[in-house]
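In: Kindly generate the corresponding structure for this input.
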Amino acid sequence: MTSLTLSAILPQLRPSPCKAEEVCQQATAGQLAILYGSLLLGALGSGGIRPCVVAFGADQFDETDPKQSTKTWKYFSWYYFVMGASILVAVTVLVYIQDNIGWGWGLGIPTIAMFLSIIAFVIGYPLYRHMDPVGSPFTRLLQVSVAAFKKRKLPMVSDPKLLYRNEELDASISVGGKLVHNKQITFLDKAAIVTEEDVVKTSEAPNLWRLNTVHQIEELKSVIRMGPIWAAGILLITAYAQQNTFSLQQAKTMDRHLTKSFEIPAGSMSVFTMVFMLSTIALYDRILVRIARRFTGLDRGITFLHRMGIGFVISVLATLVAGFIEVKRKQAALAHGLQNEARAIIPISVFWLVPQYGLHGIAEAFMSIGHLEFFCDQSPESMRSTATALFWTAISVGNYVSTLLVSLVHRFSAKPDGSNWLPDNNLNKGKLEYFYWLLTGLQVVNLLYYICCAKLYTYKPIQIHSKNSVYDEDGVELASKV
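Out: Purely as a prediction, here's the structure:
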């Protein structure tokens, strides 16, 4: 952010401003290098902050205390609320400053805010609850896979209690509770079969490339079980991505005047998505959870799998409605003889697009928060930051799938005269509604896939050392959190 701000302030770090009819000066190689380097640093920083800040926040709740462990859902909701509010400020206040005051202040204000947040974090660092690093979780997952493959020809033990366990070895990666044996993916259990070649002494750790504990094996099983649910979230992001592409093009062709003198920028239509998302989060936390709690008995109202399912259904409605709104927009263009005018403003209010923007915001409030909560709750405790990175990876993949889908539609809807559903030069002559309904159909299939995955999903079984529970003879409480 500092280098971006400097490039906006210092004339030598950017091309000269364009004047009227003058041909704009191209940026030099050095100026482009500073720009791309700044964007790359920003991407790297976001990749480090976003997964870790969620996991770090979740670590502040003590899972051995029932009063704290059941309140994590509030944290995820309000984390997402604050993030959405910051985006809302960015697309309104900061955009206004950039357009009317200058890019120096527009980039400088968030830079100063980031600097102050770093100071606040450093000052508050001693107050936080810290989890000590215990090595790479990827190494443990690979060790389990290799050990299971090496012992693939061994017969399975008759009793799971005969599988290898080591309290001392698992202590550092099971502070909040230990994963217990699960009957799924039993092939991996062979990594915990003790053979004559495995020299296991009480005072020594075994060769983890040959022998692993049940807890380590269940870590890999947990990651594998999360895979199908992770994949289900990709298509929702694909649908959501259209707000920054085709919905934006629609808005540019419509009447965006609030008053005679004030016109809403097409790029600011995402404000409606943010407003609906933030309103839904607040309504969900303050009202819907209390109502649902009476029927389900769950502190969080509904499970995160149900919350995600509601988000999927609303996303289906969003693209379905978007198709009908596009039909109405094209009818208005045809009625006023503007079908062939690519840049003409059609006399139809841009507020016709609010329903699709709003539905996408509501869908995000349900699905994205549920998805994030799912990863944090169901991942092994030593892999929370990795699991939340999967959430952001799903967003990235969803945007790439959007690009791929548009390319496929261009290719397979092309006619001999060069036209297709999604023309680059005149949206009025295209079939954007067909594309929205194609997305609707794909999302319906994805919803059915998700329902099957959710029905078959097994919550991670974990033994929680509880502070306020009646212990059994082993001093543990068996729990399956939802």
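
In: right, and Tyr164 touches His215 too?
Out: No: with contacts counted by C-beta atoms under 8 Å, Tyr164 stays clear of His215, the gap being 10.1 Å. Bear in mind the C-beta positions are built from the backbone N, C-alpha and C, glycine included.

In: in this structure, what spans have low per-residue confidence?
Out: 19-22, 62-71, 133, 199-203, 464-482 (pLDDT under 70).

In: residue with max distance from the center of it?
Out: Farthest-out residue of the chain from its mean C-alpha position, per C-alpha atoms, centre = their mean: Glu196, at 46.1 Å.

In: Tyr164 and His215: who's more crowded?
Out: The neighbour count for Tyr164 versus His215, taken as other C-beta atoms under 10 Å, is higher for His215 (26 against 19).

In: which SS class is the residue nearest to that one when sequence neighbours are not counted?
Out: Nearest non-adjacent residue to His215, counting by C-beta to C-beta, 6 or more residues apart in numbering: Asp170, 4.4 Å away. What DSSP: H, G, I helix; E, B strand; the rest coil gives for Asp170 is helix.

In: Contact partners for Asp170?
Out: Lys178, Thr213, His215, Gln216 (C-beta atoms under 8 Å, 6 or more residues apart in numbering).

In: Most neighbours of all those residues, which one?
Out: Going by other C-beta under 10 Å, Gln216 tops these with 28 neighbours.

In: Correct me if wrong: that residue contacts Leu142.
Out: No: checked against C-beta under 8 Å, the pair Gln216 and Leu142 is beyond contact range at 11.0 Å.

In: For this structure, which segments are assigned as strands?
Out: 178-179, 254-255, 346-349, 462-464, 477-479 (DSSP state E).

In: tell me the most buried of those strands?
Out: strand 178-179 (a mean of 22; mean count of other C-beta atoms under 10 Å).

In: Need the contact partners of that one.
Out: Contacts for strand 178-179 (C-beta under 8 Å, 6+ apart): Asp170, Val214, His215, Glu218, Glu219, Ser222, Pro380, Lys460, Pro461, Ile462, Gln463, Val476.

In: if you set the cut-off to 6 Å instead, what comes out?
Out: His215, Glu218, Ile462, Gln463 (C-beta atoms under 6 Å, 6 or more residues apart in numbering).

In: how about the helices in the stretch 1-150 of the chain?
Out: 2-9, 29-59, 66-69, 72-89, 95-100, 103-124, 137-150 (DSSP state H, counting those that start in this stretch).

In: Give me the contacts around the last one.
Out: Just to be clear, that refers to helix 137-150. Leu188, Lys190, Ala191, Leu208, Trp209, Arg210, Asn212, Gln216, Ile217, Leu220, Ser382, Met383.

In: What residues sit buried inside that helix?
Out: Pro137, Arg140, Leu141, Gln143, Val144, Ala147, Ala148, Lys150 (16 or more other C-beta atoms under 10 Å).

In: Please apply the same query to the fifth one.
Out: Of the residues in helix 95-100, those buried by neighbour count under the rule 16+ other C-beta under 10 Å are Val95, Ile97, Gln98.

In: Could you do the second one as well?
Out: Of the residues in helix 29-59, Ile34, Leu35, Ser38, Arg50, Pro51, Val54, Ala55, Phe56, Gly57, Ala58, Asp59 count as buried by neighbour count, 16+ other C-beta under 10 Å.

In: Also stretch 274-283?
Out: For stretch 274-283, by 16+ other C-beta under 10 Å, it's Met274, Val275, Phe276, Met277, Leu278, Thr280, Ile281.

In: so who does Met226 touch?
Out: Contacts of Met226 (C-beta under 6 Å, 6+ apart): Gln378.

In: ok, now the one 3 residues further on?
Out: By C-beta under 6 Å, 6+ apart, the contact set of Ile229 is Cys453.

In: Quickly note the distance from it to Met367.
Out: 11 Å (C-beta to C-beta, to the nearest Å).

In: cool, Tyr284 as well?
Out: 12 Å.

In: now the helices for the stretch 201-350 of the chain?
Out: Going by DSSP H, counting those that start in this stretch, the stretch 201-350 of the chain shows helices at 214-232, 234-240, 246-252, 270-283, 289-296, 304-335.

In: Go through these and name the closest to Met83.
Out: Comparison of the helices of the stretch 201-350 of the chain against Met83 by C-beta to C-beta identifies helix 270-283 as nearest, at 10.0 Å.

In: which helices and strands sit right next to the closest one?
Out: Packing partners of helix 270-283 (3 or more C-beta pairs under 6 Å, 6 or more residues apart in numbering; DSSP states H and E): helix 72-89, helix 354-378.

In: List the contacts of that helix.
Out: By C-beta under 6 Å, 6+ apart, helix 270-283 touches 77, 81, 84, 87-88, 91, 354, 357-358, 360-362, 364-365.

In: got TSV for the buried residues of helix 137-150, with distance to Arg343 too?
Out: Listed next are the buried residues of helix 137-150 as TSV, based on distance: C-beta to C-beta, whole Å:
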residue	distance to Arg343
Pro137	53
Arg140	58
Leu141	54
Gln143	61
Val144	59
Ala147	64
Ala148	62
Lys150	66
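
In: still on that earlier bit, now the helices of the stretch 1-150 of the chain in JSON lines, please, with extra columns for distance to Gln443.
Out: Below are the helices of the stretch 1-150 of the chain laid out as JSON lines (distance: least, C-beta to C-beta, whole Å):
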{"stretch": "helix 2-9", "distance to Gln443": "36"}
{"stretch": "helix 29-59", "distance to Gln443": "25"}
{"stretch": "helix 66-69", "distance to Gln443": "34"}
{"stretch": "helix 72-89", "distance to Gln443": "21"}
{"stretch": "helix 95-100", "distance to Gln443": "30"}
{"stretch": "helix 103-124", "distance to Gln443": "34"}
{"stretch": "helix 137-150", "distance to Gln443": "32"}
